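1. no sequence for this one, just the structure:
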Ligand SMILES: Cc1cc2nc3c(=O)[nH]c(=O)nc-3n(C[C@H](O)[C@H](O)[C@H](O)COP(=O)(O)OP(=O)(O)OC[C@H]3O[C@@H](n4cnc5c(N)ncnc54)[C@H](O)[C@@H]3O)c2cc1C
């Protein structure tokens, strides 16, 4: 059973009509970068409770708990999150969950991190923490958004890139508008037509690469199928290590 603790909202900002940033202060157990937490909102007057999973954006070393959240039109939790104010209290799970962490991935030459929208969160946590990134010679972060205005962490990513320098390659693709210096189109297309590998002169194969997939389940499933078919890769399991580690947001 989930143990819930009080979390005070220290910052809440609507970054765009459908993108919310929340920062919380709460006494939770230490988590591993890449994991997610559960947030719960209770209304004693209507006797209703709602909870959802959210991935940490902050590294475990930070005392701020941060989430980057897509607001869903008519979404049950989203509509409640929108109404929250600074200093209000909500509930957060004391423990954190999930295996979408570098601890679960064997060392390899290259680590590919694929994400859509707010699913950039776990990678920001992992990259800020840095610890387990030593297991990989090169990290390639491939991030997809619909519009340029969805890139709320762009400066942050650019700063992380400065820390990692040549070790980190960042590829950002925008699927619904063309922008100079950014890729255009869905990640699936870029992988299928070899654009990604060709443009960075890196060959992705079963022997040299581990792959992380996070976010929209269509992207996760499409990429999984492409990687299995084209690259002969397999799912990464504790009992049977493979190349592909995945996390669906819905
Ligand atoms: C392990 C895990 C980690 C997650 N981490 C995050 C996170 O860090 N940030 C975040 O925004 N969401 C995250 N989610 C999704 C989150 O838990 C909720 O599903 C989301 O906030 C919608 O809740 P809702 O009640 O408003 O929508 P609901 O009324 O439950 O409607 C669900 C529908 O909303 C859509 N949807 C759900 N999540 C998203 C999304 N992120 N982007 C676009 N469409 C979506 C899908 O169509 C889904 O069928 C995570 C989910 C999982 C399982």
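-> Sure, I can see it. Computed from a prediction, not measured in an experiment: that's the story for all the values here.
2. Which other helices and strands does the strand or helix carrying residue 245 contact?
-> Using DSSP states H and E, residue 245 sits within strand 244-248. Judged by 3 or more C-beta pairs under 8 Å, 6 or more residues apart in numbering; DSSP states H and E, the packing partners of strand 244-248 are strand 209-215, helix 217-231. Using the backbone N, CA and C atoms, a C-beta is placed for each residue, glycine as well.
3. For stretch 79-98, the averaged confidence score.
-> Taken as a whole, stretch 79-98 has an average pLDDT of 97.
4. So which bits of it are buried?
-> In terms of neighbour count (16 or more other C-beta atoms under 10 Å), stretch 79-98 has its buried residues at 80-81, 90-93, 96, 98.
5. In this protein, which residue sits closest to the ligand?
-> For the chain, the residue closest to the ligand is residue 75, as judged by C-beta to the nearest ligand atom, at 2.2 Å.
6. returning to that earlier point: what angle separates the strand holding residue 245 from helix 217-231?
-> Calculated by axes from the mean of the first three to the mean of the last three C-alpha atoms, to 10 degrees, strand 244-248 forms an angle of 170 degrees with helix 217-231.
7. now strand 244-248: how far from the chain's centre is it?
-> 11 Å (C-alpha atoms, centre = their mean, to the nearest Å).
8. That one versus strand 209-215: what angle between them?
-> Going by the same axes, to 10 degrees, strand 244-248 is angled at 0 degrees with respect to strand 209-215.
9. which other residues reach strand 244-248?
-> By C-beta atoms under 8 Å, 6 or more residues apart in numbering, the residues outside strand 244-248 that reach it are 55, 98-100, 104-105, 119, 122, 210-215, 217, 220, 224, 227-228, 233-236.
10. Alright, that wraps it up for me.
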